[in-house]
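1. Make a model of this:
(2 chains)
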Amino acid sequence: MNGKSEGAVYRAEKLDACIKCSACTAECPVARINPLFPGPKAAGPDAERLRLEGIYFDAKALALCSNCKTCEITCPSSVNITELIMEARRKAILSGANKKSKRYRLRALVLGRAEYLGILGTVLAPVTNFVLRKKAVRVLMEKAIGIGRNAPLPDYHRRFALNTHTDAKTKQVVYFPGCYSAYNDAVTARAVVKVLEHNGFSVLTPSFHCCGVPLQSNDQFSQAEANALYNLRLLVPYLEQGIPVVASCPSCTLSLKQEYPHYGGPGAELIAARTYDLFEFLWHLYENGELRLGFRPSSQIVAYHAPCHLKAQSIGTPVVRLLRLIPGLQVKDLDSGCCGLSGSYGFKEENYALGMEIGKPLFGKIKSGLEKADFSEVITECGTCNIQIAHGSRAKVQHPVWYFMKAYGLA
Amino acid sequence: MIVWDGIIIGGGLAGLVAGITAAERGKQVMLVAEGIGSLSFTSGVIDFGDFNALRDRQDHPFSHISEDQALQSVSKWQELCPFYTGSWAKGQPILTPLGEIRPAGYVPYSLSAQPLEAAREIVLIAPQGLKDFFPGLFASNLALNFPQAIVTIKPLQVDRFAQHYSLGKSILPSDYAKYWASVEGTDYLREFLMGIIGELAGMKEGLVLVFPGLSASFEPLLRDLLKSLTVSIVEPTIFPPSPVGMNLYQFLRKKFKDLGGEFLTNGKVEAAVIEEGYCPSISLQSHGKTLELKAKSFVLATGGIFGGGIQVGPRTIREGIFDCPLFIPEQWTSDGFLGPQPYTQTGIEVDAELHPLRSDGEIYLHNVYVCGRMLAHWDPWTDHCGGGVALTTGHRAGTMI
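-> All right, here's what the predicted structure looks like:
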C-alpha cells in the first residue's frame, strides 16, 4: 500500500468514522472523575484533526489517559481512540513537548520496567516484600519518585522457571507468562503450565522480556518497541512452525495481538493470528473435542470481573463459557466497569485516589455481593485488576485457572 | 465447533430484547455488538405511535404484529423493567430537553410529566454546568406550557464538581447522574431537596420539581429518597448521551448476562456463510484471527443506515453481513427537512416470522430473523414508534430462536 492510500484509509477508519456521539467520553472512567482530562473524543479524534495540521495542545492532558481502552470497546464506529491518544503521546515525547520532572522520569523508569523490578524483587523476595510493606519506606518512595504510598504494590515470590526443552513428539505451545505471573505470581504461572500439560501439551517458555505495555504507559515508547522486537525474534522459530502462543495476562495478550503487528520485523505478520488468551485457547480445544473434561463438580458461586484489556480482544468471555462446563459451578459476571488500576496508572501518587474512585462501583458490588452471600469468591484474569480489587474490596481474588486446577484434581 | 442456539448481532434495544427473550427460554445465546448500543443515545422512552393506524399500513413492521402480541411484549417489558409506567390506551406527557411537552408511550416513571398538569409552583433545578441544558429557555417553555403555575429556577452546585466549575468545564448529564446515585450524592440531594421543600412549605400542595440529569428510576438509593419526599419530581428527557438511555442499556445488558447470555463486545461481524437459504455461521475479525461463530439461528439487529447495519456508499447500498435484499425507495429525499423522508423506508422486507425476503417474495434466509430499525417501510421520526418496533420485533425474534 502506498503512503497516500494508507493515509486515506487511516482517515476514513479512524477520523471520519467518528460521528461525535460522545458515547466514549460518557463511558470513560477517567473523564468521569478527572476534569483535567478532556476525554477520549476530544483527546483522540477531535484533537487528531488539529495534530494533522501541526497543532498540538498540552501533552500533559494526554498523559491522563489510563490506556484502559474502554473508549474503543464503547465506540459504535470502531474508532481506535486509545491508539490515537497513545500515538500522540509518543510524538509528544519525541518532540520534547512533554518533558517530565526528574522525579517522574525516574518513576517512569521504575514502573515501566516491571521486568527489572521483578528480577530484583524475586532475588530476595521475602526481603523485598518486608521492605515494601513498611509504611516509612512507602512514604519515602512517594516523596522520592511519586509512587502512591497507599497504592497496592504486588508482592514478589520465587521466579517462574523458564523452559525451552520439549519433547518434539507431543503437541507444543509457547507460554508467555508476562511480568506479573513471572515475578509476582509464579504459582499461577505454574498452574497455567500444569493445565496445558494436563491437556497433552509440552509448554515452552523462552526468556521473554516484558511485553511492553507498562513501558508504553510510562511513555517509554522506544524501549517498548525494542522489547517487542526482542520477543518477536524469540518467537519467530515457533511462529514459523505454527506453534500457538498462549498468554494468561490479558494486557500481554492484547499487546501481542494488537501492538506487535505494527512493529514490523520478523514474526510481526504471524503473531496476532497465533496468539491466544489462555481461555480462548482452551475453548478452541474444547470446540475441537481436544479439551480434557471429566471435571470434578463444584458447588461454588464465583463472581467474575472481565478486565478491560480482555474486552478489547473481541473474543467475548471464553473463561465464563469454560467455567460453566464444570458441573455445579455458578459464575456471575460483575459487569461493573474498570477496576481503576489500569497497569501502573493507579500506582502513581497523582492517580491513586482517582483509581480508587474509578473502581468504587466495582468494589461496592463485590462488597455487597459477599455480604449477601451472592457469591463467595472473585476471579479475574488480570494480575493488576486482581491486586486492585483485593485492595479496594478486601475480597480474595484469584486467577480463574485455579478453578480448572481444582476441577482437574491438580490442586 | 459449538453451535449456539442463537446469535444476535447488534446491542441496541431490539437485539437486547431478542437476547433476553431467548435466554429466558433457556436458549444458549450470544450477542455480538460492535460498540455500545444505540440505546445510550436514546431517551429511554418506548413509543408505539398510533399502533392500529400503523398496523393498517402495508408492510409497516407493525403489520406483522397483532395488538395482542404487542400487548404481550409490553407486559413482558414491564415484568423486566417494573419501573416503567404507561398505558396502552392513552399516552402520557413527558418533557423534552428544552422544556416542551410531548406525548409518549411507556417511560421510566420519573420521566412522566403528569404531575406538572396540576402544578401551581414549578421549581426548575439547574445543576451548574450541566452540558446542553439551558435553564432560561427551559423555564420560559415551562411557563408557557403550564400557565397555571409559577416557575422559578433553583441553581444547584456540589463540591464534587468544584473543579469543573472553576475550569468552566461542562458536566455530562451521566456524570451528574452517577454522582446522584452514589451514597454521598444521595445524601447531598436529600438535604438540598428538603431545603427547597422547607422554603416552600406553604406551597406543598401544588409543588413540582423538575430535575434534569437524575435518572432516578434505575437507582435504588434515589428511588427510596424520592419515595420518602412529599413532592413530585419530574425528569426531562436529555440530549444524548442520556443517563436514562445509558442506564437502560446497562440494565438490559446485565439482565442478559445474568440469564446466562454471553456478550461479545468490540466485535464487528463482517461476513456470513450462506448455503441454500440457510446461514450456518458468521465471522468477525479478532486481531488477525477470523472468529467463526456457528448457530442454529441468527437475529439481525444491526440498526439501519445510522446504526451502520446498512452501508451506504457513493453508488452502493447494502446490508453488510448477510447481503439481504433491501427495499430502496426510488427517490431518497423530499421537501420538508423534518417531514417524512423516503430514505427512512430503506430496509429489509420480512414475512410475518421476520425472515428476510427476496424481491420475489420468497424467504431469503430461513434461519435469520430481522428486527428493529433494519426493517423496511417505516420512519421512526414521523411514525413515533422507534421503541415500539424494536421491542415488539425484538421480542418476536427472541421467540423464534
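2. and the closest residue to chain B within the stretch 201-350 of chain A, what does it touch?
-> Closest to chain B within the stretch 201-350 of chain A is A:A272: 2.7 Å, counting by C-beta to the nearest C-beta. (Glycine included, C-beta is placed from N, CA and C.) By C-beta atoms under 8 Å, 6 or more residues apart in numbering or on different chains, the contact set of A:A272 is A:L256, A:K257, A:Q258, A:Y260, A:P261, B:H287, B:G288, B:K289.
3. will you turn those residues into a markdown table that also has distance to A:F347, secondary structure and neighbour count?
-> Shown next, in a markdown table, are the contacts of A:A272 (distance: C-beta to C-beta, whole Å; DSSP: H, G, I helix; E, B strand; the rest coil; neighbours: other C-beta atoms under 10 Å in any protein chain shown):
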| residue | distance to A:F347 | secondary structure | neighbour count |
| --- | --- | --- | --- |
| A:L256 | 23 | helix | 29 |
| A:K257 | 25 | helix | 26 |
| A:Q258 | 23 | helix | 21 |
| A:Y260 | 25 | helix | 27 |
| A:P261 | 29 | helix | 20 |
| B:H287 | 27 | coil | 21 |
| B:G288 | 31 | coil | 17 |
| B:K289 | 32 | strand | 20 |
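4. quick one on the thing from earlier: in which helix or strand does the residue of the stretch 201-350 of chain A closest to chain B reside?
-> Assigned by DSSP states H and E, A:A272 belongs to helix A:268-274.
5. following that helix, which helix or strand comes up?
-> Following helix A:268-274 in sequence order, the next helix or strand is strand A:275-277 (DSSP H and E).
6. Count the neighbours of B:V183 for me.
-> By other C-beta atoms under 10 Å in any protein chain shown, 10 other residues sit near B:V183.
7. tell me the contacts of it?
-> B:L221 are the contacts of B:V183 under C-beta under 8 Å, 6+ apart.
8. sorry, back to before: would you mind measuring from the nearest residue to the residue of the stretch 201-350 of chain A closest to chain B once chain neighbours are set aside to B:I9?
-> For A:A272, ignoring the flanking residues on the chain, the nearest one in space by C-beta to C-beta, 6 or more residues apart in numbering or on different chains is B:G288 at 2.7 Å. The spacing between B:G288 and B:I9, counted by C-beta to C-beta, to the nearest Å, is 21 Å.
9. got a list of what residue 255 touches?
-> Answering for chain A, as no chain was given. Residues counted as contacts of A:S255 (C-beta under 8 Å, 6+ apart) are A:C211, A:G212, A:V213, A:A228.
10. sorry, should have said chain B
-> B:K255 makes contact with B:I20, B:L80, according to C-beta under 8 Å, 6+ apart.
11. run the last query once more with 6 Å
-> B:I20 (C-beta atoms under 6 Å, 6 or more residues apart in numbering or on different chains).
12. ok so it is a strand residue?
-> No - with DSSP: H, G, I helix; E, B strand; the rest coil as the criterion, B:K255 is located in helix rather than a strand.
13. quick one: pLDDT of it?
-> As predicted, B:K255 sits at a pLDDT of 97.
14. cool, the one 4 residues further on as well?
-> Reading off the confidence values, B:L259 has pLDDT 96.
15. how about the nearest residue to it, chain neighbours excluded?
-> B:A23 (3.7 Å).
16. wait, doesn't the one you found sit right on B:G261?
-> Yes - if you go by C-beta atoms under 6 Å, B:A23 and B:G261 touch, sitting 4.4 Å apart.
17. follow-up on the earlier one: how about the contacts of A:A272, which pair is most distant?
-> Maximum pairwise distance in the contacts of A:A272, criterion C-beta to C-beta, is 13.7 Å, between A:Y260 and B:K289.
18. For A:V397, give me its contacts.
-> Counted by C-beta under 6 Å, 6+ apart, A:V397 has contacts A:V378, A:N386, A:I389, A:A390.
19. actually B:E100, sorry about that
-> Here B:E100 is in contact with B:N141 (criterion: C-beta under 6 Å, 6+ apart).
20. can you tell me how far the residue in chain B that chain A sits nearest to sits from A:R274?
-> Nearest residue of chain B to chain A, counting by C-beta to the nearest C-beta: B:G288, 2.7 Å away. Distance of B:G288 to A:R274, computed by C-beta to C-beta: 8 Å.
21. which SSE is the most centrally placed residue in chain A in?
-> By C-alpha atoms, centre = their mean, chain A has its centre lying nearest to A:S251, at 2.2 Å. Using DSSP H and E, A:S251 maps to helix A:250-254.
22. Please apply the same query to A:Y286.
-> helix A:278-287.
23. can you give me the helices for the stretch 201-350 of chain A?
-> For the stretch 201-350 of chain A, applying DSSP state H, counting those that start in this stretch gives helices covering A:213-217, A:221-240, A:250-254, A:268-274, A:278-287, A:308-311, A:318-323, A:349-371.
24. quick one, which of those helices is packed in tightest?
-> Comparing these by mean neighbour count (mean count of other C-beta atoms under 10 Å in any protein chain shown), helix A:250-254 ranks first with a mean of 27.
25. Mind exporting the C-alpha coordinates of it to CSV?
-> Output in CSV follows, covering the C-alpha atoms of helix A:250-254 (Å, rounded to 0.1, in the frame of the first residue of the first chain):
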residue,chain,number,x,y,z
PRO,A,250,-5.0,-10.0,29.1
SER,A,251,-2.7,-6.9,28.7
CYS,A,252,0.2,-9.0,27.4
THR,A,253,-2.2,-10.9,25.1
LEU,A,254,-3.7,-7.7,23.7
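26. Give me the contact list for it.
-> A:176, A:178, A:211, A:213, A:247, A:277, A:307, A:309-310, A:312-313, A:381-382.
27. so which of the residues you listed is the most crowded?
-> Neighbour tally across these (other C-beta under 10 Å): the maximum, 30 neighbours, falls on A:G178.
28. How much space separates that residue from A:I243?
-> Using C-beta to C-beta, A:G178 is found at 18 Å from A:I243.
29. contacting residues around A:G359?
-> With contact set as C-beta under 6 Å, 6+ apart, A:G359 has these partners: A:C339, A:G340, A:G392.
30. near chain B, from those?
-> The subset of the contacts of A:G359 within reach of chain B, counting by C-beta under 6 Å from any C-beta of the partner chain, is empty.
31. Any chance of the residues you listed in JSON lines with pLDDT as columns?
-> JSON lines is the format used below for those (pLDDT from 0 to 100):
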{"residue": "A:C339", "pLDDT": "94"}
{"residue": "A:G340", "pLDDT": "92"}
{"residue": "A:G392", "pLDDT": "95"}
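32. Let me have those residues in TSV, extended by neighbour count and distance to B:L229.
-> Shown next, in TSV, are those (neighbours: other C-beta atoms under 10 Å in any protein chain shown; distance: C-beta to C-beta, whole Å):
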residue	neighbour count	distance to B:L229
A:C339	30	35
A:G340	30	33
A:G392	23	33
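33. Is residue 20 in a helix, a strand, or coil?
-> No chain specified, so I'll use chain A. Put simply, A:K20 is coil when judged by three-state DSSP.
34. switch to chain B, that's the one I care about
-> Per three-state DSSP, B:I20 ends up helix.
35. Could you count how many residues lie near the residue nearest to it when sequence neighbours are not counted?
-> Closest residue to B:I20 apart from its sequence neighbours, by C-beta to C-beta, 6+ apart: B:F256 at 5.2 Å. The tally of other residues near B:F256 (other C-beta under 10 Å) stands at 28.
36. which residues in chain A form strands?
-> Along chain A, counting by DSSP state E, strands occupy A:171-176, A:201-204, A:245-247, A:275-277, A:301-304, A:330-333, A:377-379, A:397-398.
37. Might you report the residue contacts of A:L291?
-> The contact partners of A:L291, taken as C-beta under 6 Å, 6+ apart, are A:L282, A:L285.
38. mind redoing it with 8 Å?
-> With C-beta under 8 Å, 6+ apart, A:L291 has these contacts: A:N199, A:L282, A:L285.
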